[in-house]
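Enquirer: dropping the sequence and predicted coords here.
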Amino acid sequence: MLRNYLKIAVRNLVTNRVFAGINIIGLAVGLASCLLLFVYIAHELSYDDFQQKADRIVRVTMEYSMEGKVGKVPETGTKVAPEFGRQFPEVESGVRMINRDAVVIKGDQQFSEKRVVFADSAFFTMFSFPLLKGNPQTALAGPNLVVLSETKARTYFGTENPIGKSLRINTGGSFRDYSVTGVVADCPANSQIKYDLLTSFATLPAAKTEEWYSANYATYLLLRKPDDIAALQAKIPAFMKTQFPDETPSASDYLTYNLEPIRRVHLHSDVEGNFEPNGDLTYIYIFGAIAVLILLIACVNYINLATSRAVERAQEVGVRKVMGAMRGQLFGQFIGESVIVTAVATLLAVLFACLTLPLFNSVSDRQFAIDVFFKPENGLVLLGASVLVSLLAGSYPALVLSGFQPIRVLKGHLKTTGAGQFRRALIVFQFAITAILIVCTLLVRNQLQFVQQKKLGYNKDHVLLLPVDREVNEKISAIKSEFRQNADVQHVSLASNSPVFVGGGYAMRQPGMPEGQRKMVTGLTIDEDFVKTTGLHLIAGSDLNAVDMDRIARSDNDSLTRSRFILNESAVKELGWTPQQAINQRLDVSGRLGLVKGVVSDFHFASMKQKIGPMALFPQNGGEILLVKLSGNQLSNTLQFLESKWRTLIPNRPFTYAFMDEEFDKMYAAETRTGRIFSVFAFLSIFLACLGLFGLSAYTTVQRTKEIGVRKVLGASVFSIVGLLSKDFLKLVLVAIVVAVPIAWYAMNQWLQGFAYRVAIEWWVFALAGILAIGIALITVSFQSIKAALLNPVKSLRSD
């Protein structure tokens, strides 16, 4: 019996190969989309699951308040880990870390490394990063020690054993000889801690002091029991109040620390990551919903295409029932056909997923390997999805087809009014999803264009960013002079950071403020060329000059007026001044005393998800980044010129650079990734919805073939017949658009709330999405309508 059903199922699929092919391709595309998105979601949800002690590891973040304004940062001072270990029995050990750029010299080769992490000696006992060579207890226990990742060990030493060998490393100061004490496995892609070289924290001068306020370090604690997290968190605020008995802050000022379980940091933390940007749980929900909806659209296609062939299969069902076939047997046969179609589609889905993986990696900004599809858990998910699709997509057509009454069918009386209404509802569902995805794609792109085109308050075009060290700082005058010999180099400046993202937190106060009262301000150290290099707009006072830079370097100046500050409009407003009133006012910025010399227009020094806050620019001899403003003419030649000058002046550091606009784009990587994914899967939903509409139009055309023949005999034109067959479908699409508009508006309004500066949701976006949906539907339906309208009426009426 089963063998006979299988033969019949295969024969039907081969006979109707066009419909079968559309079914298989539609399901394959849906399953492949679901598989790709599941791999991405599973990766995001698995962050730090490999840590064997993850239930006891917490990240410490700092929270502070000044004048009622709360700030949160992922960094802490050097004192948190050792002091918490001494004061709280819940803490077993702690690790402080900081990531630095570095230059590594091996023989006559130079390497520029971006992921050099300084870490305390407890690193390997806390975290589950396998040490392939070396002793985990002593690998980082002392100054000037380095552990190489497996990849970097091969880069520097090939197949040799690197243990005991040395590398010359410069992390911003001067070159030192580091002894290689171990080789560690490359960090997993789903780790929030990313490294290529691990160096000992004891190497840093900061390791010799313990400070609360110098918040530059990531701090992780290993607790004795998982239940200790809540108990320790409850103790911290009261303990921190005892640490500053000599200070008299206002009632709203405080400093405390929060504990975040390591597994929750990537997706649940409201504080940005230390080593890589956090993920966003909202996007996980969005991508999960897209995966489910794409799969549902594929199932709807199968239902529509299967039931559209009900007329063709009705007589088969009638004959088989007359011959004694039971409804359950017929139901089993049609479910069997669904299983065969889904099985073939599943195999094709794996093939499609493998072929499109490079494109998906590019869209999602991930680096998945093909073997990810063959992991047992992913195989089970695909198998489960296939079984679900077989039942979901096959059950309704099987019920409809097996339920036909043989006498009515064989007499030609076949009516499926209820089923027709259900099919129309499914078409509305499909196109509503399609319209929602189109609207979301348009608005995400609009927001990203808004971010790119909005006036930032500084000029990010053609600005070169070069990381620097102590040698560069010492030779900065010569570097500036040599660089400016090129006519395409307009300005050169040294600063602690570029204006794209400034994270330095400071406190500012006026001399007349009550003791202990301070206001929160973001600070950036600059030189006399920074304002010109970045194109900041000076609205009051004057820019820094060489005298101001010289003043802070001399010890014989009046300490009360040593510094000169440039404030932004928000900082001036916070202090209660107008820009003109601020000039020559005395100011204290975290112990730096001086006068306000200039005021610049507000500029975006963080993501547009945040409102512009107070900013103070102040002079400092030395910095961490060199900014070179270029004209943009003959860019390649200018870069070659700069590199040749750099190699002459700074022979021990590679000429590595980035452009400021590239750094700016990195801030919106998650939004850009979301926009790309929306675009791709909006296209796929359109493709699948068109297949479903094709199925329904094919069904309707078959049902109305004789009516069309009669109308043509009576003189109806092709255009009128096409209009007759198309208008019902266009009504369904219009209903879908009406359903989609409020849902899309609500979803995108919620998403845009995450931006302090955002586009308005305008009517034309919905109009454009509607026009696109209607146009796509019209093209799809017209294929069947025109084909039916051109059919010879003699053939359609021959059976009557």
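Expert: Received the coordinates, thanks. These numbers were taken from a predicted model, which means no experiment stands behind them.
Enquirer: how's this protein carved up into domains?
Expert: 1-50+274-414, 81-211+221-226, 416-453+691-800, 463-666 (automatic domain parsing).
Enquirer: out of these, nearest to D253?
Expert: With Cβ to Cβ as the measure, domain 463-666 is the member of those nearest D253 (7.2 Å). Quick note: C-beta positions are derived from backbone N, CA and C, even for glycine.
Enquirer: sorry, back to before: M240 is nearest to which of the domains of the chain?
Expert: Of these, the one closest to M240 (Cβ to Cβ) turns out to be domain 81-211+221-226, at 10.2 Å.
Enquirer: endpoints of the closest one, how far apart?
Expert: 18 Å (Cα to Cα, to the nearest Å).
Enquirer: make TSV out of the domains of the chain and add mean pLDDT.
Expert: Listed next are the domains of the chain as TSV, based on pLDDT from 0 to 100:
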stretch	mean pLDDT
domain 1-50+274-414	76
domain 81-211+221-226	93
domain 416-453+691-800	78
domain 463-666	89
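Enquirer: quick one, which of the ones you listed is nearest to E67?
Expert: Of all these, domain 463-666 comes closest under Cβ to Cβ, at 5.4 Å.
Enquirer: ends of that closest one, what's the gap?
Expert: Terminal-residue distance, domain 463-666 (Cα to Cα): 15 Å.
Enquirer: what about the closest residue to R115 other than its chain neighbours, how many residues nearby?
Expert: Excluding its sequence neighbours, the residue lying closest to R115 (Cβ to Cβ, 6 or more residues apart in numbering) is D196, at 4.3 Å. Neighbours of D196 under the rule other Cβ atoms under 10 Å: 20.
Enquirer: wouldn't D196 be in contact with F111 here?
Expert: No. With contact defined as Cβ atoms under 8 Å, D196 does not reach F111; the gap is 9.8 Å.
Enquirer: what's near enough to touch F127?
Expert: Q51, K53, I57, V95, I193, Y220 (Cβ atoms under 8 Å, 6 or more residues apart in numbering).
Enquirer: one more time with 10 Å, if that's ok
Expert: 48, 50-54, 57, 95, 119, 184, 187, 191, 193, 220, 222, 262 (Cβ atoms under 10 Å, 6 or more residues apart in numbering).
Enquirer: from E272, how far off is it?
Expert: F127 is 21 Å from E272, where distance means Cβ to Cβ, to the nearest Å.
Enquirer: what's the answer for R366, then?
Expert: Distance check for R366 against E272: by Cβ to Cβ, it reads 19 Å.
Enquirer: before we move on, what about S679?
Expert: 26 Å.
Enquirer: also L635?
Expert: Applying Cβ to Cβ to L635 and E272 gives a distance of 32 Å.
Enquirer: same thing with L593?
Expert: 31 Å.
Enquirer: how about the nearest residue to F175, chain neighbours excluded?
Expert: Nearest to F175 is R168, by Cβ to Cβ, 6+ apart, at 4.9 Å.
Enquirer: start to end distance for stretch 355-372?
Expert: OK, stretch 355-372 end separation, Cα to Cα: 13 Å.
Enquirer: and stretch 582-597, by the same measure?
Expert: End-to-end for stretch 582-597, by Cα to Cα: 8 Å.
Enquirer: what residues of it count as buried?
Expert: Across stretch 582-597, burial judged by 16 or more other Cβ atoms under 10 Å covers A582, I583, L587, D588, V589, S590, R592, L593, G594, L595, V596, K597.
Enquirer: what distance do you get for the fourth one to G71?
Expert: It refers to D588. In terms of Cβ to Cβ, D588 sits 18 Å off from G71.
Enquirer: same deal with the fifth one?
Expert: Note on V589: its distance to G71, by Cβ to Cβ, is 15 Å.
Enquirer: same thing with the last one?
Expert: With distances defined as Cβ to Cβ, the gap from K597 to G71 amounts to 26 Å.
Enquirer: enumerate every residue touching the residue lying closest to S496 once chain neighbours are set aside.
Expert: Spatially, and ignoring its direct neighbours in sequence, S496 is nearest to T525 (4.3 Å; Cβ to Cβ, 6+ apart). For T525, the contact set (Cβ under 10 Å, 6+ apart) comprises 494-497, 504, 552, 592, 616-624.
Enquirer: hang on, the earlier thing: need the residues touching each of D196 and F111.
Expert: A102, V104, K152, T155.
Enquirer: got a markdown table for those residues, with secondary structure too?
Expert: Shown next, in a markdown table, are the shared contacts of D196 and F111 (DSSP: H, G, I helix; E, B strand; the rest coil):
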| residue | secondary structure |
| --- | --- |
| A102 | strand |
| V104 | strand |
| K152 | helix |
| T155 | helix |
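Enquirer: now, of those residues, which are buried?
Expert: Using 16+ other Cβ under 10 Å, the buried members of the shared contacts of D196 and F111 are A102, V104, K152, T155.
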